[in-house]
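**Student:** I'd like to go over a predicted model; first the sequence, then the structure.
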There are 2 protein chains.
Amino acid sequence: MTEPTTAPPLSSTSRTSLGRKKDRAATDRADLHDVLDGALICHLGLVLDGHPQVLPTGYGRDGEVLYLHGSTGARSVLAAGAEPEVCVTVTLLDAVVYSRTLNDHSMNYRSAVIYGRPRAVLDPAEKLHGLRVLSEHLAPGSWDHAREPDAKELAAVAVLALPLAEASVKIRSGPPTDDPAEHATGAWAGVLPFRTEWGTPIPAPDLAPGIPTPPHIADRRTPHD
Amino acid sequence: MTEPTTAPPLSSTSRTSLGRKKDRAATDRADLHDVLDGALICHLGLVLDGHPQVLPTGYGRDGEVLYLHGSTGARSVLAAGAEPEVCVTVTLLDAVVYSRTLNDHSMNYRSAVIYGRPRAVLDPAEKLHGLRVLSEHLAPGSWDHAREPDAKELAAVAVLALPLAEASVKIRSGPPTDDPAEHATGAWAGVLPFRTEWGTPIPAPDLAPGIPTPPHIADRRTPHD
């Protein structure tokens, strides 16, 4: 990912300044990048015919631009009209936090919320670039292994570009923070980590014999391994 | 979970009938329950001051009612006014689908989208019940292990109830479906499973010596294990 050398800090509009749990707000742009690079899908929210709509969709980050995928998500955005406002949320769950009290049970997580008006990418060269960024996020290495989109496929797909201009990041980490008065309950307290991992690749039933699983798939690791 | 004996099929309003990829639509209410019971968090979308907002938040299901958690999510809903419309989306990622062409790369996933107007739960007995449902979803077994909410905590928390009345479920599973003409590329095709798992419990630094990790935490399994 190409980083501009003068990446601004995260914005501080009223809606990206947390009203609650301010200690969980991260203000470093690197935290935003980490969350975006660590997840596979986002939840894209928009107002469609006056109704809230939230769809899971793929994305990829290139510096300070988020490319959104040309399937369901992007089509919904385009259906909402020219450059409608969206809210893109990405969440990584890290642990369940067990406290001595039910009231203080929590989760360790990292989440990013981005607001903005995505632009439909129409220029064929930029569209191809956006698709490559999306592909490298979903399936690193595939761009150089599988067949690239042809002109017809390129024309049929929708790609959106959303600048990472207005965003907030929220992080909770570490152990539960019970009031010492609660320790007398004798209940267990701590965290149970929640992890994601890749399983064993399953070749397609129609894969020709003798085609080995390439290293970019067989050796894929989750981010931050 | 208590199931009504006459659970209706999933609704078929225009927005819950899929416009694309109709073969991915599930119409069995059991599929909706499976998705909801298999994930830990939802993404709650609403329109706040005219702007789309999407927040990750906890939830729990009791039969045909989804209880939403009394932290950030519920407060945002309450801030939006009396029974505002929301869209709750839950997504389980199962695999990345590697195809011979970039254009047909995909994901195997199960997602549920629920539309409705959640009701603020005000009755203390129902609120306690809703919190128990939420707790059993986030941390099964904790309700009988940790201290229950007291009157003050109960009064301070917000719980919302959303009926599972208007919902859609979308599922993609199985191998890539390349056109046989693409097999000549020689590219690998298949799926790479994506799994979640619990790690080793980490006791809180201030946990008194001699308190063992209880079985409901030490032996916790992901759904469908």
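**Tutor:** Now that the structure is in, tell me what you want to look at. Just so it is clear, the structure is predicted and the values come from calculations on it, not from any experiment.
**Student:** The nearest residue to A:R119 once chain neighbours are set aside in helix, strand or coil?
**Tutor:** Leaving aside its sequence neighbours, A:R119 sits nearest to A:A161 (C-beta to C-beta, 6 or more residues apart in numbering or on different chains; 5.0 Å). Where C-beta positions appear, they are placed from N, C-alpha and C, glycine not excepted. Assigned with DSSP: H, G, I helix; E, B strand; the rest coil, A:A161 falls in the strand class.
**Student:** Next up, the contacts around A:A161.
**Tutor:** A:65-68, A:118-119, A:121, A:126, A:130 (C-beta atoms under 8 Å, 6 or more residues apart in numbering or on different chains).
**Student:** Report the secondary structure state of A:I171.
**Tutor:** strand.
**Student:** how about it, what does it touch?
**Tutor:** A:I171 neighbours (C-beta under 8 Å, 6+ apart): A:24, A:26, A:31, A:109-111.
**Student:** What score does the residue of chain A positioned farthest from its centre have for pLDDT?
**Tutor:** Within chain A, the residue lying farthest from the chain centre (C-alpha atoms, centre = their mean) is A:A184, at 40.7 Å. On pLDDT, A:A184 comes in at 87.
**Student:** if we can go back for a sec, can you tell me which of the contacts of A:I171 are in strands?
**Tutor:** A:26, A:109-111 (DSSP state E).
**Student:** just to revisit the earlier point, closest to chain B among the contacts of A:I171?
**Tutor:** A:S111 (5.3 Å; C-beta to the nearest C-beta).
**Student:** That closest one reaches A:V90, doesn't it?
**Tutor:** Yes: using C-beta atoms under 8 Å, A:S111 is in contact with A:V90, at 6.7 Å.
**Student:** residues shared between the contacts of these two?
**Tutor:** In contact with both A:S111 and A:V90: A:V35, using C-beta under 8 Å, 6+ apart.
**Student:** ok, back up a step: let's have the contacts of A:I171 in CSV, adding neighbour count.
**Tutor:** Shown next, in CSV, are those (neighbours: other C-beta atoms under 10 Å in any protein chain shown):
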residue, neighbour count
A:R24, 16
A:A26, 19
A:D31, 18
A:Y109, 22
A:R110, 22
A:S111, 24
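**Student:** hmm, back to that, using neighbour counts, trim the contacts of A:A161 to the buried set.
**Tutor:** The neighbour count (16 or more other C-beta atoms under 10 Å in any protein chain shown) marks A:65-68, A:118, A:121, A:130 as buried among the contacts of A:A161.
**Student:** Just the helices from chain A, written as ranges.
**Tutor:** Per DSSP state H, chain A carries helices over the ranges A:29-38, A:72-79, A:124-138, A:151-156, A:215-218.
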